[in-house]
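J.: Sequence below, structure please.
(chains A and B)
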Amino acid sequence: KNEVEQSPQNLTAQEGEFITINCSYSVGISALHWLQQHPGGGIVSLFMLSSGKKKHGRLIATINIQEKHSSLHITASHPRDSAVYICAVEGYSSGSARQLTFGSGTQLTVLP
Amino acid sequence: DVKVTQSSRYLVKRTGEKVFLECVQDMDHENMFWYRQDPGLGLRLIYFSYDVKMKEKGDIPEGYSVSREKKERFSLILESASTNQTSMYLCASRLAGVDTQYFGPGTRLTVL
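T.: Residues are numbered from 1 along each chain as shown, chains lettered A, B, ... in the order given. Predicted coordinates:
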C-alpha cells in the first residue's frame, strides 16, 4: 500500500467550478506539501502545511493531522489551472536533507 | 529567483551506454535530490546529497550513482543504461532547514 494516496486520479471540470483534490497518508509526518506540475515537467511548490489551513489566491490547502488527510481546493477554476497536482509528505528526520514521499498525482483538466 | 537547471530536456541513449545527467542550482543550496517519475508511480527518490562529496541512497538507487564535487552541481550517472531506466528524471535543491524544494525542468530519457 502506498504511503500517500491521492484522489481522484483524474478530474475534469468546467471553468468556474470549485475543485477539491484529496490526499491521505498512513505515516506520521512533520509536514505535507502540495506541488503543481505543468505539461513539460516543471514542478512548482504551492504549499507546505503542518497544521490548519493556508490560502494563496484561489488556492486553499487544509490538513487534519488526526485524520491523516489533506485537501487542496481551487475556487473559480480556470483552464490555466490544468496541471498535475501532487501531494508529498515529509517524515521526521534528524538530518537536514528531509526527504519527501510523493503521491502519484491528480491530473486536473479545466475546460473553457 | 532560485534557478535549477538540467543539462538536457530530452535524451536518447542505447542500452549499455554510460549516461550523465547534470543538475546545477544557483542559490547555494546544501541539499540536492535526484528523482525519477513514472506514470502511476509518482516521483521516487534515487539519491540525495546534503553537502559536497556527501551522498545518501534514496528509495531506488540500484543502477545509478551520483557525484557532487561542487556545491552547485549534482550529477546522476547511469553506468550501463537499460531500457527500464527510460523515465523522466527530475533534480531538486533545497536550503538546509527550509521547507521548499525547487525543481529543475526535468530530463526525459529514452533508452533503446
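
J.: tell me the strands in chain A, going along the chain?
T.: In chain A, the strands defined using DSSP state E lie at A:4-7, A:10-14, A:19-25, A:31-37, A:43-49, A:52-56, A:59-64, A:69-74, A:83-90, A:100-102, A:106-111.

J.: Let's have these in CSV, adding distance to B:Arg14.
T.: Backbone N, C-alpha and C define where each C-beta goes, glycine included. CSV is the format used below for the strands of chain A (distance: least, Cβ to Cβ, whole Å):
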stretch, distance to B:Arg14
strand A:4-7, 35
strand A:10-14, 34
strand A:19-25, 39
strand A:31-37, 29
strand A:43-49, 29
strand A:52-56, 45
strand A:59-64, 43
strand A:69-74, 41
strand A:83-90, 30
strand A:100-102, 30
strand A:106-111, 32
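
J.: quick one: which of these has the weakest pLDDT on average?
T.: When mean pLDDT is averaged over each of these, strand A:100-102 scores lowest at a mean of 88.

J.: Flag every buried residue along it.
T.: Across strand A:100-102, burial judged by 16 or more other Cβ atoms under 10 Å in any protein chain shown covers A:Leu100, A:Thr101, A:Phe102.

J.: got a list of what the residue nearest to B:Ser67 when sequence neighbours are not counted touches?
T.: The spatially closest residue to B:Ser67, leaving aside those adjacent along the chain, is B:Ser75, at 4.5 Å (Cβ to Cβ, 6 or more residues apart in numbering or on different chains). Each residue near B:Ser75 by Cβ atoms under 8 Å, 6 or more residues apart in numbering or on different chains is listed here: B:Phe20, B:Leu21, B:Glu22, B:Cys23, B:Val66, B:Ser67, B:Arg68.

J.: pLDDT of the helix or strand that the fifth one is a member of, averaged?
T.: Using DSSP states H and E, B:Val66 sits in strand B:65-70. Mean per-residue pLDDT for strand B:65-70: 97.

J.: Against which helices or strands is that strand packed?
T.: Applying 3 or more Cβ pairs under 8 Å, 6 or more residues apart in numbering or on different chains; DSSP states H and E, we find strand B:65-70 packed against strand B:42-51, strand B:54-57, strand B:73-78.

J.: got the angle between that strand and strand B:42-51?
T.: 40 degrees (axes from the mean of the first three to the mean of the last three Cα atoms, to 10 degrees).

J.: Check which residues of strand B:65-70 are buried.
T.: B:Val66, B:Ser67, B:Arg68.

J.: That strand pairs with which strands, parallel or anti?
T.: Paired strands of strand B:65-70, with direction, are strand B:73-78 (antiparallel) (DSSP bridges).

J.: mind showing which ranges of chain B have poor pLDDT?
T.: Scanning chain B for pLDDT under 70 picks out the ranges B:1-2, B:97-99.

J.: separation between the residue minimising distance to the centre of it and chain A?
T.: Closest to where the C-alpha atoms of chain B average out (Cα atoms, centre = their mean) is B:Trp34, at 3.0 Å. Distance, B:Trp34 to chain A, by Cβ to the nearest Cβ, to the nearest Å: 12 Å.
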